[in-house]
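A.B. asks: Please find the sequence and the predicted model below.
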Amino acid sequence: MKFLSKKQVRDLVGLSSTQCSRLENEGRFPLRVRVGFRVFYVEEEILEWMRIRIAERTPPIAAAAD
């Protein structure tokens, strides 16, 4: 298990820190872990969140045969 900084999460998921915070406040993103005055995310929770987003995507519409 590994902690990720906000910057690492931002780079991993491609969202801004602000967007991550908004999603977190809405209950749609993993919660932060406070360690002293710093905050981190649990790597596995972030990866699972990403896996779920991938699984939820809509498959592309197949091109019509000519």
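C.D. replies: Good, I have the coordinates. Computed from a predicted model, the values in this text were never measured in an experiment.
A.B. asks: C20 in helix, strand or coil?
C.D. replies: Three-state call for C20 (DSSP: H, G, I helix; E, B strand; the rest coil): helix.
A.B. asks: tell me the secondary structure for the residue nearest to it when sequence neighbours are not counted?
C.D. replies: Spatially, and ignoring its direct neighbours in sequence, C20 is nearest to F29 (5.7 Å; C-beta to C-beta, 6 or more residues apart in numbering). C-beta coordinates here come from the backbone N, C-alpha and C atoms, glycine included. Here F29 is coil, with the state taken from three-state DSSP.
A.B. asks: what residues are up against F29?
C.D. replies: With contact set as C-beta atoms under 8 Å, 6 or more residues apart in numbering, F29 has these partners: 20, 23, 49.
A.B. asks: could you pull out the strands for the chain?
C.D. replies: Assigned by DSSP state E, the strands in the chain fall at 3-4, 33-35, 38-42.
A.B. asks: any idea how far V35 lies from S5?
C.D. replies: Separation of V35 from S5 (C-beta to C-beta, to the nearest Å) stands at 11 Å.
A.B. asks: Looking only at neighbour counts, state which of those two leads.
C.D. replies: The residue with more neighbours, out of V35 and S5, is S5; 12 against 9, by other C-beta atoms under 10 Å.
A.B. asks: That one against E43, yeah?
C.D. replies: No: assessed by C-beta atoms under 8 Å, S5 is found out of contact with E43, at 10.7 Å.
A.B. asks: hang on, the earlier thing: distance of the residue nearest to C20 relative to P60?
C.D. replies: 26 Å.
A.B. asks: With R28 instead?
C.D. replies: R28 is 24 Å from P60, by C-beta to C-beta.
A.B. asks: Show me which of those two is the more surrounded one.
C.D. replies: R28 (9 against 6).
A.B. asks: Please name the nearest non-neighbouring residue to R10.
C.D. replies: Nearest non-adjacent residue to R10 (C-beta to C-beta, 6+ apart): S17, at 5.6 Å.
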